[in-house]
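Colleague: Quick one, fold the following:
(chains A and B)
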Amino acid sequence: MALTFTPAPVVATPTDHPVLEIDDLSVGFGPKGRERRVVENLTLSVRPGQVVALVGESGSGKSTTAHAALGLLPAGGRIVGGRITLGGHDVTHADDKAFRHHRGPVVGLVPQDPMVALNPTMRVGEQVAEAVRRRGVPKRSVEVEVVEVLERAGVDNPVVKARQYPHELSGGQRQRVLIAIALAGKPKLLVADEPTSALDATVQRRILDHLDRLVADNGTSLLLITHDLGVAVDRADHLVVMSQGRIVEQGKPAQIAESPQHEYTQRLLDAAPGLGRVRRPAPVPPVDDVVLRFDGVSKEFTSRSGLGSRSRARVLDDVTLDVHRGRTLALVGESGSGKTTALRIAMGLERPTSGRVLFDGVDVASSDRRSLRALRRRFQFVHQNPFAALDPKFSVRDLVAEPLESFRIGDRASRTTTVSKLLDQVALPASYLGRRPAELSGGQRQRVAIARALALEPELLLLDEPVSALDVSVQAQILDLLVDLQSELGLTYVLVSHDLAVVAEVSHQLAVLDGGRIVESGPTQQVFDHPEHALTRALLAAVPGLSLKEAGA
Amino acid sequence: MVQYTARRVAQAIAVLWAAYTVTFVVLYALPSDPVSILLNQAGGTGRPSADQVAKIQAAYGFDDPIVVQYWHHLVDAFQLDFGQSVSRGQSVTSLLAENLPPTIALTAVALVLTTLIGGGLAFLATYVGWRPLRSFLHRLPAVGVSFPTFWVGLLLIQLFSFSLGWFPATGSGGVSSLVLPALTMSLPTSGILAQVLIRGLDDTLDQAHIATARAKGLSRLTIHTKHALKNASLPALTILGVLVGATVTNAVVAETVFSRLGIGRLAQQAVLAQDIPLVQGIVVLAAGVFVVVNLVVDLIYPLLDPRVLQPTSSRSLAPLEVAA
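Modeller: Residues are numbered from 1 along each chain as shown, chains lettered A, B, ... in the order given. Now for the predicted structure:
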C-alpha cells in the first residue's frame, strides 16, 4: 500500500485572515469636536508573514498609526473614526485592560530609541522575563527561556547580558534586547517603530537583517515604520507611503521605486541618500593651503573601575590628516571609533595625549585660553542634535546674535542686520527672528545652528553628524545648503558621520576610522570605487536603498 | 562599591568636623564674653570680682589661647564629652542621652507616617484615572506644606484631646502620647515628599521605557509599582533624607507644643538659658544625625539605581560614544 504524503502549506497564502486590519481610521488630538486630525481615513492590512513598511516624514502620522494599533496613543489622542482589528478582534475602542490581552501574544513593539526604551534600574534579564511570564511559562523554565529568546534576538553572551543593566550594553545590543522582549510574547505581529534610526549604519543593517530572518523563520508579520524609503524598499513586501496623515500611495516596493505615482513619493525618492547621486560642488583646484592638520594625534582616556584598577582606553591612535582650504574632509567610522574625539581635539576641547593639531599653523592644544578664544572666531562647530544644541529660552535672533555679542562685534542695529543676512543665507524667512526653538522643525533648527556658526565668518566648520538626527528628506535640504554655502563663502568643512551615503554627497576627501586608527583615506570617489579595507566595504554595504538605486539605474 | 562607600564615609566625617568647628568659632571665639554669660547664669548680681572671673576662666580653660581651647574641646568631643551644662549642672552627654530616646521614638513614628501619607498620596494621585480626583490629589500636598506646624498641633489637640478625648494632649508617657505630635510633625513633611514623588512619577510615566513595559502587556499596577516607583523614588529619597536630618528643628515645635521631653525641647531651653556647652552639644548631635542620615541615603542610592556606581570618567565619556 502506497503512503501518500501531502505536506502542509508552510507559506502563508494571501487568503489568510489579516493579523492587523485598519479600516478608514482617523485619529485626533485635542478637545472633542475641535480635534486636530493626525491620521485621516487610513486603510491598510498586514497578512500573516507579510512585511509591510509605512513610510513618511516626521509628522506624517506613521508613528501615531503604529501606536493606535497597540492601543498606546499618547494622552489626548483618540480614535475618532474607523476600525482596528487585531488578530480577528475589534480593538477600536478597547480600554487599557482589554487591550492588555492582545499586547504580547498578538502584537509586540520594537520601539524607536534603544537608549531610553529600557528600564534603567532593572536587569535586562528581568525585563525580558516579564514578557516571558505573561505567557504563563512555569517559574523554573522562565530563566532558560529568557536566555533562549535573547540568543534568538542576536544578543551575544546572553547568560552574562541577562544579569547586566541596560547602561552596560551598547546601543545595538540594547535594540536586540528590545527585540527579544517583543519576541518573548510570541506575537503574530511585530510593530517596529523606526527601530534603527538611532543606530550606526552598520549596526542598523545587522539589526534589520536579523529582524528579516526572524520574521521569515517564524512566519511573524512585521509592520515597519520608517522615514527612510531606502530601508523600506530593501525590506518590505508591501509599501505604504504616508503624508500629512493620509496614504498617498501604496503597492509593491519595486514598482513604486520605479514609477512613483505621487509627487510626494517622488520627492522622498529624490531625497533618499544613495551612492548614485552626486551633489558635489565644482571641484576646487588642488591647492596646497592646509587649514587644519592632525599631526600624529593620539588620545588616551583612563577610567577607574572596581577596586582601584585603572584601565586605559586608546581612543585615537597616531592620526595624521590634512584638511585643505575650501574642501570637505569626511571622518567616517562606527560608534566608538574616535571620530567625535578627533573633532573635540580640533576644537581645543580635549588635549591630545601626544601629537599636535595645527590650525593655520598654530598649535591648538598648546594655545592658552586667550589665543584659543581668538582662534575660535575662525573655526566653528555644528552639533549633532539640533534639538539639544539650541537654548529653548532664546529667540532665533538671540541665538544667532550671541557669538557677535560675545565677541563684541557691532552695535545692536548692525547685529540685527547681520542676523537677518545670516538667516537669508540659510534660507529661513526673516519672520522667524522672534521664534523660539520649540516652534521650529528639526531641519529649521539645524539651519539656525548653521547660521549661528557662520555669524563670526569662520573659515572652517566642524560638523558633527549634522544630519543624523533628521529625516531623510530634510537631510537632503541641509546637505544642499552646506554645499551651497561652501561654494559661496569658500568654507572648509570637517564632517563626521557614520553614514557613507551622506559623505558621498558632500565630501572631497575621506578618512575611515576604526578603533582610533585611520584604516583608509583618500579622495572620496576613489575610496568608493576601490574600497580596500574590510570596514570600508562593510560601511558601503550598509547604505540602505541599494536595491532602489539598482532599480533606478 | 567599596570605593564609593569609602568616599561617602570620608565626606560624612569631614562634614561633621566642619559643623563642630563652625559652632565652636561662633560660640567661643567670637568677641563675646562667655564668662559674664556664665556668671549671669549662675545668678550673680552686680559686677563680678576679678578673682571670680579668673577662677572661672581657669576652670573652663578660657585663659588658654583659642587654638589650644579648640584642640582640647575637639579631643573631648571625639570622646563624646561636651563638658558640663551650665544651667543644669549635669554633663551635656548624659543630658543628651536622657532626652534622645523620646525624640528618636517621635521621629521614627513621624517618618513612618510621612512615608505612608506622602508616598500613598503620590501613588494615588498618579494612579487614579478619573480626572477631577486626579487633579485634586495633585494639588493636595501644597495644602499640607502650607499649614504651620504649631497651628496644626493646636488644632489636633483641640479635636482629638479636648473634643474626642482619644489621645492625651501633653506628656511623654506611652505610645498614645506619640500619635498627635508625630502626626503634627509628619503633615508638612509628607506634603513635601508627596510633591517630589508626584513630580517624579509623572516624569517617569512619560518615559519611553514605560511604553515598552505597556507593550509587553503588563498591568497598570505592575507598571506603576515595578517600573515607575523605583525610578521616581531617587529624588524623593533625597528629600526624605533632608527631612529626617532636620528632625531636631522639627522636634522643637512639636515637643514644645505637646510639652514632651526630648532633644527639641532641650534645645529650646538651652538657647533661652544661654547654656553654651549644651547648645554646642545639641548642634553637633543635629549635624551628626544629618550626616548619618544622608550617608545612609547615599548608600541606598546604588541599590535603587545602578548607574550611580559608574565611574565618573566613563560617565563623561558615554555621551561621546553615543555621539560618535
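Colleague: Distance of the nearest residue to B:Leu74 once chain neighbours are set aside relative to B:Ile13?
Modeller: Take B:Leu74 and drop its neighbours on the chain: the residue closest to it by Cβ to Cβ, 6 or more residues apart in numbering or on different chains is B:Tyr20, 6.9 Å away. Placement of C-beta: from N, CA and C, glycine included. B:Tyr20 is 11 Å from B:Ile13, where distance means Cβ to Cβ, to the nearest Å.
Colleague: With B:Leu234 instead?
Modeller: With Cβ to Cβ as the criterion, B:Leu234 and B:Ile13 are 25 Å apart.
Colleague: And the two? Which one has more around it.
Modeller: Each of B:Leu234 and B:Ile13 has its neighbours counted (other Cβ atoms under 10 Å in any protein chain shown); B:Leu234 has more, 18 against 11.
Colleague: for the more buried one, what are its contacts?
Modeller: B:200, B:301, B:304-305 (Cβ atoms under 8 Å, 6 or more residues apart in numbering or on different chains).
Colleague: So it belongs to a helix, correct?
Modeller: Yes. Per DSSP: H, G, I helix; E, B strand; the rest coil, B:Leu234 lies within a helix segment.
Colleague: returning to what we had before: and the two most separated of the contacts of B:Leu234?
Modeller: Using Cβ to Cβ, the pair of the contacts of B:Leu234 lying farthest apart is B:Gly200 and B:Tyr301, separated by 14.3 Å.
Colleague: Neighbour count for the two, which is higher?
Modeller: B:Gly200 (22 against 18).
Colleague: Check whether that one sits in a helix, strand or coil.
Modeller: Classified using three-state DSSP, B:Gly200 is helix.
Colleague: What is the neighbour count of the closest residue to it other than its chain neighbours?
Modeller: Excluding its sequence neighbours, the residue lying closest to B:Gly200 (Cβ to Cβ, 6+ apart) is B:Ala232, at 3.4 Å. Neighbourhood size, B:Ala232 [other Cβ under 10 Å]: 24.
Colleague: try B:Leu309
Modeller: 14.
Colleague: go on, B:Ser94?
Modeller: 11.
Colleague: That one and chain A: what is the separation?
Modeller: B:Ser94 sits 43 Å away from chain A, going by Cβ to the nearest Cβ, to the nearest Å.
Colleague: That residue: helix or strand, and which one exactly?
Modeller: Applying DSSP states H and E as the criterion places B:Ser94 in helix B:92-114.
Colleague: contacting residues around that helix?
Modeller: So helix B:92-114 is in contact with B:80-85, B:88, B:172, B:178-179, B:181-183, B:185-186, B:189-190, B:193, B:240, B:243-244, B:247-248, B:250-251, B:254-255, B:260-266, B:277-278, B:280-282, B:285, going by Cβ under 8 Å, 6+ apart.
Colleague: tell me the mean pLDDT for that helix?
Modeller: On average, the pLDDT along helix B:92-114 is 89.
Colleague: same question, stretch A:541-550
Modeller: What stretch A:541-550 shows for mean pLDDT is 65.
Colleague: Show me which residues of the host helix or strand of B:Ala194 are buried.
Modeller: Assigned by DSSP H and E, B:Ala194 belongs to helix B:176-205. For helix B:176-205, a neighbour-count test (16 or more other Cβ atoms under 10 Å in any protein chain shown) marks B:177-201, B:204-205 as buried.
Colleague: how close does the residue nearest to B:Gly200 get to B:Pro141?
Modeller: As judged by Cβ to Cβ, B:Ala232 and B:Pro141 stand 15 Å apart.
Colleague: cool, A:Arg100 as well?
Modeller: Distance of A:Arg100 to B:Pro141, given as Cβ to Cβ: 31 Å.
Colleague: List, one by one, the residues from the stretch 1-150 of chain A near chain B.
Modeller: A:70, A:72, A:96-97, A:100-105, A:107-109, A:111-113, A:115-122, A:127, A:130-131, A:134 (Cβ under 8 Å from any Cβ of the partner chain).
Colleague: Mark which of these are buried, thanks.
Modeller: A:70, A:72, A:100, A:102-104, A:107-109, A:111-113, A:115-122, A:127, A:130-131, A:134.
Colleague: Tell me where the stretch 201-324 of chain B has helices.
Modeller: B:208-215, B:220-222, B:229-245, B:247-257, B:263-272, B:276-304, B:312-323 (DSSP state H, counting those that start in this stretch).
Colleague: Surely A:Ser170 is in contact with A:Glu334?
Modeller: No. Judged on Cβ atoms under 8 Å, A:Ser170 makes no contact with A:Glu334 at a distance of 10.1 Å.
Colleague: Name the residue in these two with the higher neighbour count.
Modeller: More neighbours surround A:Glu334 than the other of A:Ser170 and A:Glu334, with 22 against 16 (other Cβ under 10 Å).
Colleague: mind checking the end-to-end distance for stretch A:335-354?
Modeller: One end of stretch A:335-354 to the other measures 22 Å (Cα to Cα, to the nearest Å).
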